[in-house]
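> Curious how this folds, go ahead:
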Amino acid sequence: MIEYLKGELTDLQPAEAVIECHGVGYGVGITLNTFSALQGKEGVVKLYISESIREDAYQLWGFATKAEREIFLLLQTVSGIGAATSRMILSALSTQELADIILSGNEKMLKSVKGIGPKAAQRIIVELQDKVTTLAYPKYEGKNADSIANNTKSNVVMEEASAALTMLGFSPAPVRKVAQKILSEEPDAPVERVIKLALKML
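Numbers count the residues shown, from 1 in each chain. Sure thing, here's the model as predicted:
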């Protein structure tokens with residue numbers, strides 16, 4: 001099993017990187033997040049590797065962080081989610097964003113990823129909700145997962161409310177400030193209430 005590749009980055013595309021190690025060039029499938037992490041880098045780089053071996057193919061997947069590789073592997077434990085779909089999800093969302101979505105049960109945001117329908121989104125949330133806590137929040141290990149989920153839910157509500165208000169023509173900075181203030185006073189407020197209160201304050 002290959003744990004990681006460390007070598008010269010000889011080619012970089014949004015979906016693939018080529019790492020040369022001791023005269024051998026390894027083509028590695030990557031996410032857009034890893035692509036962004038590699039952009040502008042020269043010389044020696046390190047990617048954590050996951051191997052996908054089938055009768056007709058041998059594919060290497062590379063990740064800038066161990067956390068991204070771990071959640072990539074976790075996604076594939078969900079029925080109907082393969083390596084290509086996992087890469088699509090982790091190209092649309094960062095590891096932290098995906099963990100927040102799963103922990104808060106935000107099916108709507110997960111469905112916004114190309115190729116993820118309602119049933120797949122439900123399966124990912126239900127099957128991984130208990131598994132991503134310590135991966136995404138190692139400093140909270142041993143603490144109550146419900147309290148972590150409540151915090152992430154507030155973050156998601158703030159993002160959705162801020163996006164809606166920005167679309168209505170308000171500037172992003174004051175919108176976020178107002179949304180944060182409302183949620184600090186009413187942590188359980190739904191998106192609709194945050195928007196309604198914010199409209200009176202902006």
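> can you pull the contacts of the closest residue to residue 11 other than its chain neighbours?
Leaving aside its sequence neighbours, residue 11 sits nearest to residue 18 (CB to CB, 6 or more residues apart in numbering; 3.9 Å). No exception for glycine: its C-beta is placed from N, CA and C like everyone else's. When contacts are counted by CB atoms under 8 Å, 6 or more residues apart in numbering, residue 18 touches 9, 10, 11, 12, 25, 26, 27, 28.
> Among those, name the buried ones.
Among the contacts of residue 18, those classed as buried by 16 or more other CB atoms under 10 Å are 9, 12, 26, 28.
> Specify the local secondary structure of the third one.
The three-state label for residue 26, taken from DSSP: H, G, I helix; E, B strand; the rest coil, comes out as strand.
> hang on, it packs against residue 59?
No. With contacts counted by CB atoms under 8 Å, residue 26 stays clear of residue 59, the gap being 11.0 Å.
> what comes up buried for whatever helix or strand the residue nearest to residue 11 lives in?
If you go by DSSP states H and E, residue 18 is part of strand 16-21. Neighbour-count burial for strand 16-21 flags 17, 19 (criterion: 16+ other CB under 10 Å).
> so residue 39 sits right up against residue 12, yeah?
Yes. Contact criterion CB under 8 Å: residue 39 and residue 12 qualify, at 7.1 Å.
> Bridged to the residue nearest to residue 11, which residues?
When bridges are called by DSSP bridges, residue 18 pairs up with residue 11, residue 27.
> okay, it: pLDDT?
pLDDT, residue 18: 95.
> so where is this protein shaky, pLDDT-wise?
Low-confidence segments of the chain (pLDDT under 70): 133-154.
> Let me see the ranges of the strands in this structure.
For the chain, the strands defined by DSSP state E occupy 4-13, 16-21, 24-30, 44-53, 58-63.
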